[in-house]
Every structure is written in C-alpha cells, then in structure tokens.
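Trainee: take a look and give me a structure for this.
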Amino acid sequence: MRFEDALFNWLQIQIVADGRPDDNAAKETRDFFVQILTEDHGVTELLLLKTDETMVHVKYVREGRSKLQLYPRESAEQLLSDIRSNPKYN
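Mentor: Numbers count the residues shown, from 1 in each chain. Next comes the predicted model:
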C-alpha cells in the first residue's frame, strides 16, 4: 500500500475511533493502519495534531524527519459522516 493511502486511511479511521469510542472494529482497523505505517513505511510517531475550520493536521516522523501533512477536513471526516448517516451502524 502506498504511504499516502495508508496515512489517509489511518486518519479517517482514527477520526472514526475517536468519534465512536465503543467501536472496537474501528480501533482494530486503526491499529492495522498504524502497523502498516510503522512496519512498511518507517513511521515512528503519528499524531492527529489538530483540526481547524477547514483542515486536519497530521504530524508524523518518518526516516528521522518530522513532517506535517494537511488534509481537507471534509474529506478526512467523510467516513465518520457516512457511518453516522447509515442506520445499520447506529
């Protein structure tokens, strides 16, 4: 899996896990993406740093270098929005 895809997938499922603290499947899926990021891509630190009106800020350390990645908030929160709007999951 490409690094960019793994990072975005982790972000989306991290938001779901934060928004649904009793959702064990979300936590397991988040942990799966953390494993991919650490084992396959050398990420040593990973943090959803902050969310402002338009962007979500992700900080990570890869190859010993600290990086900041910004994602549009609407895209990052889309999975949680889709889950909440589906009665099957509520």
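
Trainee: and the residue nearest to the spatial centre of the chain, how far is that from K88?
Mentor: The centre of the chain sits closest to L11, judged by Cα atoms, centre = their mean, with a distance of 1.2 Å. From L11 across to K88, the span is 23 Å (Cβ to Cβ, to the nearest Å). Backbone N, C-alpha and C define where each C-beta goes, glycine included.

Trainee: where does pLDDT dip in the chain?
Mentor: 89-90 (pLDDT under 70).

Trainee: just give me the longest helix of it.
Mentor: For the chain, the helix with the greatest residue count under DSSP state H is helix 3-19.

Trainee: tell me the buried residues in that one?
Mentor: Neighbour-count burial for helix 3-19, counted by 16 or more other Cβ atoms under 10 Å, picks out A6, L7, F8, N9, W10, L11, Q12, I13, Q14, I15, V16, A17.

Trainee: alright, that wraps it up for me.
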